[in-house]
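Novice: Based on what follows, work out the 3D shape:
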Amino acid sequence: MTASLKAIDAPDDLATLMHDLGRRARAAARVLALTPPDRKNRALEAIARAIRANAATILAANAEDVADARANGTTGSFIDRLTLDPKRVEGIAQAIDDIRKISDPVGVVTETWTRPNGMTIERMRVPLGVIGVIFESRPNVAADAGALCLKAGNAVILRGGSESFRSCRALHDCMIAGLREAKLPEDAIVLVPTRDRAAVGMMLAGLDGSIDVIVPRGGKSLVARVQAEARVPVFAHLEGLCHVYIDGAADLAMAKSIVINAKMRRTGVCGAAETLLVDKAAAPTHLKPLIDALIEAGCEVRGDAAVQAADPRVKPATDEDWSTEYLDAVIAVKIVDGVDDAIAHIEKYGSHHTDSIVTDDGATAQRFLDEIDSAIVLHNASTQFADGGEFGFGGEIGIATGKFHARGPVGAEQLTSFKYRVLGTGQTRP
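Specialist: So this is what the prediction gives:
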């Protein structure tokens, strides 16, 4: 490690550093709130261009991060989330292009009505202000969060995990270059320049009122800490315990395709399926082919007694398996007694993130969609569509599973609040 990196990792006065970052971000947020859409888009275009132009530098920084992670014995799924390659770097740049192309949410009047006294009331979207994003492993979160916050007129303070420190710095350099080219405040996108974990606690305390909302992206322990300690509002999901339910009226070919994609496309993302529920009416024809397809794809299958009986390669599932987010090539499989039993299982063990039903029965599908209390529910589609880009949001800063303000993919629109504008002609209240 270089001397300069050590100096950044061990600032003389962390509290002074962090509170200064907060004040600067707050000042930048006031500018961004009034910045017209074309200027924000100019910055986003420049950021995407800078990422493409500096792809080699980003990949070199990421290679160092990955080497350190491997040396520390990090798990394969974690390495996958951390690793960048040319395709993923281009994907980061493309996501910023997509965010640039969506409609600007700031200033949009969502409702207008006139009162009997002649006053007109408008409800208008406005930025949240300063958003703190605390994340682990995935360096693309730095770019996604920076771009989405900028689009919505917010400043952002990014605190990435120590394992992605170099990668995030390389991406942040590109974001600063784009802001500079558009003549926007460089403090609009701040990267906490230290690995010191005490910085997280200071952000959770709000930096003397500088931070308006916290968004955590990472493992269960990180999100649980944020939810327990934050003194400001939090957009968070504790975990992505996603289910696929194969109904008795499911098409087998479709079921196999959806299950393999939902589990194996990328096992380390929060939208990956962790539990497969199979209707007992479908088990005679569907269970064995689904198990075969999963095992052939390299997935370990853990099942209840009925599932084990269908294939000797299935390992026994424990009660803990039904509430485990593996983020790996492992899935728990259970036989259920129809849609009622499936709904009950998901209600008991699910995390209210994303759940899918595969069926050709429209009435059963509607019951599932209506009764499953998750942020995202799908019919005949993979849970891996739990992604802001796939929703047409350009990108996402996370998947929120709470019920206040934002729920599901948090894109630019969800990073705004609202205010009421009241237009009068001299009215006074009697």
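
Novice: okay, now the domains of this protein?
Specialist: For the chain, whose domains are defined here by automatic domain parsing, the residue ranges read 9-235+403-421, 242-385.

Novice: what's the span of the shortest one, first residue to last?
Specialist: Pointing back at domain 242-385 there. With Cα to Cα, to the nearest Å as the measure, domain 242-385 spans 12 Å from end to end.

Novice: What is the subsequent helix or strand relative to the worst-scoring helix or strand of the chain on mean pLDDT?
Specialist: Sorted by mean pLDDT, DSSP states H and E, the helices and strands of the chain end with helix 3-9, the least confident at a mean of 43. Next helix or strand after helix 3-9 toward the C-terminus (DSSP states H and E): helix 14-32.

Novice: Give me the buried stretch members for that following helix, please.
Specialist: Within helix 14-32, the residues that qualify as buried are 17-18, 21-26, 28-29, 32, counting by 16 or more other Cβ atoms under 10 Å. Placement of C-beta: from N, CA and C, glycine included.

Novice: again, but for stretch 407-417
Specialist: 407-416.

Novice: likewise stretch 171-183?
Specialist: Here stretch 171-183 shows 171-179, 182 as buried, counting by 16+ other Cβ under 10 Å.

Novice: can you give me the mean pLDDT across that stretch?
Specialist: Taken as a whole, stretch 171-183 has an average pLDDT of 98.

Novice: cool, stretch 275-292 as well?
Specialist: On average, stretch 275-292 scores 97.

Novice: Now do the buried residues in that stretch.
Specialist: 275-279, 281-283, 286-287, 290-291.

Novice: Please tell me how far the spatially most central residue of the chain sits from Glu122.
Specialist: Most central in the chain under Cα atoms, centre = their mean is Gly398, positioned 2.1 Å from the mean C-alpha point. For Gly398, the distance to Glu122 equals 29 Å [Cβ to Cβ, to the nearest Å].

Novice: Same check on Cys174?
Specialist: Look at Cys174 and Glu122: by Cβ to Cβ, they are 38 Å apart.

Novice: same check, this time on Val234
Specialist: Per Cβ to Cβ, Val234 is found 29 Å from Glu122.

Novice: okay, the two: which has more neighbours?
Specialist: Val234 (21 against 15; other Cβ atoms under 10 Å).

Novice: Look at the closest residue to the more buried one other than its chain neighbours and say how many residues are nearby.
Specialist: Nearest residue to Val234, sequence neighbours excluded (Cβ to Cβ, 6 or more residues apart in numbering): Ile214, at 5.0 Å. Neighbour count for Ile214, taken as other Cβ under 10 Å: 25.

Novice: can you check the one 5 residues further on too?
Specialist: The burial count assigned to Gly219 is 17, neighbours taken as other Cβ under 10 Å.

Novice: Phe418 too?
Specialist: 13.

Novice: from what I can see it touches Glu122, true?
Specialist: No: shown here, Phe418 and Glu122 do not form a contact pair, counting by Cβ atoms under 8 Å, at 9.7 Å.

Novice: so which strand or helix has Met254?
Specialist: Per DSSP H and E: helix 252-264 holds Met254.

Novice: just how off-centre is that helix within its chain?
Specialist: Counting by Cα atoms, centre = their mean, to the nearest Å, helix 252-264 is centred 23 Å from the centre of its parent chain.

Novice: C-terminal to that helix, what's the next element?
Specialist: Using DSSP H and E, the helix or strand that directly follows helix 252-264 along the chain is strand 273-279.

Novice: In PDB, could you pull the C-alpha coordinates for that following strand?
Specialist: The C-alpha trace of strand 273-279 is given here as PDB (Å, rounded to 0.1, in the frame of the first residue of the first chain):
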ATOM      1  CA  ALA A 273     -34.300 -17.200  -5.800                       C
ATOM      2  CA  GLU A 274     -33.400 -19.000  -2.600                       C
ATOM      3  CA  THR A 275     -36.500 -21.200  -2.100                       C
ATOM      4  CA  LEU A 276     -38.400 -23.300  -4.600                       C
ATOM      5  CA  LEU A 277     -42.000 -24.300  -3.700                       C
ATOM      6  CA  VAL A 278     -43.700 -27.000  -5.700                       C
ATOM      7  CA  ASP A 279     -47.400 -27.700  -5.600                       C
END
